[in-house]
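**Student:** I need the structure of the sequence given here:
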Amino acid sequence: MTTGFVDEPRLAGLMVRETLRRLRGVAPAMTAFSPVARRAGRLVAVPADLRRGEASLVESFYIGRLPLAGHIVDFGTTSPFVLRTAPRSWTGDLHGFGWLRHFTEAGDALAAEQARILVGDWMRFERSVLPRQAFDHDVVARRIISWLSHAPIILAQADTAFVQRFETSLARQTRRLARAASAAPDGLPRLRARIALAFAALCQPSRRYHVRWAAKFLGEELDRQLYADGGHISRNPAAIPALLADLLPLRQLFAHRNQAMPRALFSAMDRLFLALRFFQHGDGALALFNGMGLSDRAMALALLRYDETLGEPVSALRQSGYQRLSAGGTTLLADTGVPPAPAVAGEAHAGTLAFEFSSGRHRMVINCGATARAEDAGRRLSRNTAAHSTLVLADHSSSRFAKSPVVDRYLGVPLLPGPTRVPVTREDTGEGQLLTAAHDGYRLPFGFVHERQIHLSRDGGRIEGVDRLLPSTGRATRAASEEPLGLLRFHLHPDVVADETQTGIRLSHGGEVWWFYGEVMPRLEDSIFFADASGARPTLQITMVFDPTERTQLGWCFERQN
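**Tutor:** Model (predicted):
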């Protein structure tokens, strides 16, 4: 059934706010302050790019077959910048110019010439035939950062006329972004716009007050979007390494230019490092919650080299809504927060109370994760509760998604909060660590509150859990004849080898062997692991089915074989 605005006042309000935001972006006030130099000039500094380049990918441009955002697009001998039929995520990455790092990595004369030709090609079409997406806030911000970071390879063999065109285009794009930054979509796009403007103020010839204003706006946005524990308001762990990769070079630029660094930047760096360590499993990958997909473990390791605290991961990100249990080489991470606000929930998942755990350097139980391709149907599937290691009632997600195609196209399929409260208690005893949390996402449709209790033994060799359905005082909206079927899911990492036995399920991965037992006989079923570089991979899941009218709690256990 199509979602209507009468039934969804939150969606109606979000649509109105999005309309106003777009209008502000299309026609920014001409009198708005623009903290950017009015005239182009030689760059006075060049930031580092901490993201890894792969020299072999330069050849893709030579042969006209370019892999970006999980897609491979053939453009032959035509300019890739004028393509209109390419996937949206591919187009965004193309016009964001992050791929320039591959040319810098190659570093030879041919790569320098090709980089200059491609940038010149883009500038040739800048005022005429480029797709509208090329001027989205986030794409412009990424392009400015990339052009500044890779100016040496772009300008290596350039004549004076090209250098002037490049600097003029860069200054023009920066002014445009400065006027429209406040109208950028909330979340990472708006924050990245402020980061890009701070880069531009430090790298382009400008007066000190330009840098001060750029730093002021950036500091305010960092304070607004980052929780005190280092998590981002989107609750997506992927935001953390992405921000660190931009903010670390920015911090170096402030020091290089002898400019006062905003206090919020100092604070943000410390908190982001804390959050990055928190979400890491034993193999270095980040937990698959709320939009997290493929982990760049080498990138995370490179970022952590800048962390001077060298501290152990904390046990909880309370503001962000996550808990971490760790003992004897076993690490368990759980989502214990309410969904993010709809305005920043375009990638959020309905995974409240889901958990993952790793043993040593091997991930055992996971969530399905986000696909690399934003357009894949699997992207929507991966956001459902069924794609997470938690309890599902009647195949119903604990949070909801808009069901109107119009809303989806306009707002990007935001998650509509189901749980409004997620009380959490935690107790550390001599026997281990006990975590108890509950959510009310099933209260309205089914009249239940889901409570999950997890105990990790002191030696890390045993994880005991109990899932309960507690009757709620809320009124269930289901039909009287509709009895929800309960289903517990534990998705397994694709490298885990699982076998059913008469007593339980044996799990092995890299020399680690665990057994799973349940009060109801567990079964192995097919599942999908979306967060893989090669695309979706088949994997398995452990399932236990029960009838809430006969049983309202279900115990289970993972036990390591010594």
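**Student:** the nearest residue to E105 once chain neighbours are set aside: neighbour count?
**Tutor:** Once flanking residues are discounted, E105 sits nearest to G53: 3.1 Å by Cβ to Cβ, 6 or more residues apart in numbering. In this view, the C-beta of every residue, glycine as well, is placed from N, C-alpha and C. Other residues within reach of G53, judged by other Cβ atoms under 10 Å, total 19.
**Student:** now do T549
**Tutor:** By the measure other Cβ under 10 Å, the count of residues near T549 is 10.
**Student:** what separation do you get for it and P262?
**Tutor:** Using Cβ to Cβ, to the nearest Å, we find T549 at a distance of 58 Å from P262.
**Student:** likewise H281?
**Tutor:** 33 Å.
**Student:** V139 now?
**Tutor:** Here V139 is placed at a distance of 25 Å from P262 (Cβ to Cβ).
**Student:** got it, and W213?
**Tutor:** 11 Å.
**Student:** got it, and V82?
**Tutor:** 39 Å.
**Student:** look at the two and report which has more neighbours.
**Tutor:** P262 (23 against 14).
**Student:** apart from its neighbours in sequence, what residue is nearest the more buried one?
**Tutor:** G219 (3.7 Å).
**Student:** how about E54?
**Tutor:** H102 (5.5 Å).
**Student:** can you pull the contacts of the one you found?
**Tutor:** For H102, the contacting residues are G53, E54, A55, L57, V58, by Cβ atoms under 8 Å, 6 or more residues apart in numbering.
**Student:** try it again with 6 Å
**Tutor:** Going by Cβ atoms under 6 Å, 6 or more residues apart in numbering, H102 touches G53, E54, L57, V58.
**Student:** for the third one, phi and psi?
**Tutor:** In this case it means L57. When read as degrees, to the nearest 10, the backbone of L57 gives phi -80, psi -10.
**Student:** with T352 instead?
**Tutor:** According to degrees, to the nearest 10, T352 has phi -60, psi 130.
**Student:** pretty sure L487 belongs to a helix, no?
**Tutor:** No: if the criterion is DSSP: H, G, I helix; E, B strand; the rest coil, then L487 is strand and not within a helix.
**Student:** hang on, the earlier thing: and for the residue nearest to P262, the neighbour number?
**Tutor:** G219: 20 neighbours (other Cβ under 10 Å).
**Student:** any idea how far it is from H232?
**Tutor:** 16 Å.
**Student:** and A196, by the same measure?
**Tutor:** Taking Cβ to Cβ, one finds A196 at 17 Å from H232.
**Student:** also A327?
**Tutor:** 28 Å.
**Student:** coming back round to it: any idea of the mean pLDDT in the one helix or strand the residue nearest to E54 maps to?
**Tutor:** Per DSSP states H and E, H102 falls inside helix 100-106. For helix 100-106, the mean per-residue pLDDT is 97.
**Student:** stretch 77-93 too?
**Tutor:** Per-residue scores along stretch 77-93 average to 93.
**Student:** name the residues that touch it?
**Tutor:** By Cβ under 6 Å, 6+ apart, stretch 77-93 touches 68-69, 71, 73, 75, 94, 121-122, 125, 129, 133, 139, 374-375.
**Student:** hmm, back to that, so A327 and H232 - more neighbours on which side?
**Tutor:** Using other Cβ under 10 Å as the criterion, A327 and H232 rank with H232 on top: 24 against 18.
**Student:** just to check, the more buried one is in contact with A239?
**Tutor:** Yes: counting by Cβ atoms under 6 Å, A239 is a contact partner of H232 at 3.9 Å.
**Student:** just confirm the residue nearest to P262 is within a helix.
**Tutor:** Yes: assessed by three-state DSSP, G219 belongs to a helix.
**Student:** immediately after the longest helix anywhere in the chain, which helix or strand?
**Tutor:** If you go by DSSP state H, the chain has its longest helix at helix 160-180. Downstream of helix 160-180, the first helix or strand assigned by DSSP H and E is helix 188-203.
**Student:** what packs against that next one?
**Tutor:** Packing partners of helix 188-203 (3 or more Cβ pairs under 6 Å, 6 or more residues apart in numbering; DSSP states H and E): helix 137-149, helix 160-180, helix 208-225, helix 239-256.
**Student:** show me what the shortest one is packed up against.
**Tutor:** In this structure, helix 137-149 packs against helix 88-96, helix 160-180, helix 188-203, with contacts taken as 3+ Cβ pairs under 6 Å, 6+ apart.
**Student:** so of these, which one's packed in deepest?
**Tutor:** Mean neighbour count, computed with mean count of other Cβ atoms under 10 Å, is highest for helix 188-203 among these, reaching a mean of 25.
**Student:** okay, the angle between it and helix 208-225?
**Tutor:** Helix 188-203 and helix 208-225 are oriented at 160 degrees to each other (axes from the mean of the first three to the mean of the last three Cα atoms, to 10 degrees).
**Student:** could you export helix 188-203 as CSV, CA atoms only?
**Tutor:** The C-alpha coordinates for helix 188-203 follow below in CSV (Å, rounded to 0.1, in the frame of the first residue of the first chain):
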residue,chain,number,x,y,z
LEU,A,188,28.0,13.7,5.4
PRO,A,189,27.3,15.8,2.3
ARG,A,190,26.9,19.0,4.4
LEU,A,191,30.0,18.2,6.5
ARG,A,192,32.1,17.3,3.5
ALA,A,193,31.1,20.6,1.9
ARG,A,194,32.5,22.5,5.0
ILE,A,195,35.7,20.3,4.9
ALA,A,196,36.2,21.1,1.2
LEU,A,197,35.8,24.9,1.8
ALA,A,198,38.3,24.7,4.6
PHE,A,199,40.7,23.0,2.2
ALA,A,200,40.1,25.6,-0.4
ALA,A,201,40.7,28.5,2.0
LEU,A,202,44.0,27.0,3.1
CYS,A,203,45.3,26.1,-0.3
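**Student:** just the buried subset of the contacts of H102, please.
**Tutor:** Taking 16 or more other Cβ atoms under 10 Å as the criterion, what is buried in the contacts of H102 is G53, L57, V58.
**Student:** list just the nearest of these to R224.
**Tutor:** Using Cβ to Cβ, G53 is the member of the buried ones among the contacts of H102 that sits closest to R224, with 32.3 Å.
**Student:** how close does that closest one sit to R426?
**Tutor:** 43 Å.
**Student:** what's the closest non-adjacent residue to R383?
**Tutor:** H349 (4.6 Å).
**Student:** one more: Y517?
**Tutor:** That would be G504: by Cβ to Cβ, 6+ apart, it lies 4.3 Å from Y517.
**Student:** next one: R560
**Tutor:** Using Cβ to Cβ, 6+ apart, the closest residue to R560 is G461 (4.1 Å).
**Student:** in this structure the residue nearest to Y517 contacts E519, no?
**Tutor:** No: in this structure G504 lies outside contact range of E519 using Cβ under 6 Å: 11.4 Å.
**Student:** with neighbour numbers in mind, choose between these two.
**Tutor:** G504 (20 against 14).
**Student:** got the contact list for the more buried one?
**Tutor:** Contacts of G504 were listed using Cβ under 6 Å, 6+ apart, and they are W515, F516, Y517.
**Student:** contacting residues for the residue nearest the centre of the chain?
**Tutor:** When Cα atoms, centre = their mean is applied to the chain, the residue found nearest the centroid is A238 (3.4 Å). Going by Cβ under 6 Å, 6+ apart, A238 touches M292.
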